[in-house]
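> let's see this in three dimensions:
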Amino acid sequence: QVQLVESGGRLVQAGGSLRLSCAVSGGAFSSYAMGWFRQGPGKVREFVGGINRGAITSYGDSVKGRFTISRDNAKNTVYLQMNSLKSEDTAVYYCAVETGGFVSIFDTNYDYWGQGTQVTVSS
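Prediction:
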């Protein structure tokens, strides 16, 4: 059974930075694509970005140039570095596993999910 645990969410001021981590256990991490999604209050879940098994990244339009995704296969961990945070980045952030190795913007294409971590950006 694949399990994901996100960490690093907290309250941060607008303009600040934060790094989220997602540790994966129980599977073949290096073969997976990893996605980050978020869901703000009263909003639908949104694709933030992803990294495929070849470490190629892609991002949603709202975070391009501000967020960076990386992975460490030795630690079975994926990271989301968030810079220049805005109040509209406030959300619960989720990481997810796509076992086929390909990043998708559609949450239905992901096979396993973490429990989420809250990021709150104060203005």
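> now do the contacts for the residue most central in space within the chain.
The geometric centre of the chain, computed from its C-alpha atoms, lies nearest to W36 (Cα atoms, centre = their mean), at 2.5 Å. The contact partners of W36, taken as Cβ atoms under 8 Å, 6 or more residues apart in numbering, are 20, 22, 47-50, 69, 78, 80, 93-96. To be clear about C-beta, it is placed using only N, CA and C from the backbone, and glycine gets the same treatment.
> which ones among those are found in strands?
Those of those mapping onto strands are 20, 22, 47-50, 69, 78, 80, 93-96, per DSSP state E.
> circling back to that earlier point, partners of the residue nearest to the centre of the chain in the sheet?
In this entry, W36 is beta-bridged to G49, C95, by DSSP bridges.
> separation between it and L11?
19 Å (Cβ to Cβ, to the nearest Å).
> residues touching R10, list them.
L18, Q118, V119, T120.
> I figured the first one hits S84, correct?
No: at 10.8 Å, L18 does not count as touching S84 under the criterion of Cβ atoms under 8 Å.
> so between those two, which is more surrounded?
L18 (20 against 13; other Cβ atoms under 10 Å).
> return the distance of the closest residue to N52 other than its chain neighbours relative to L80.
Leaving aside its sequence neighbours, N52 sits nearest to A33 (Cβ to Cβ, 6 or more residues apart in numbering; 4.5 Å). For A33, the distance to L80 (Cβ to Cβ) stands at 14 Å.
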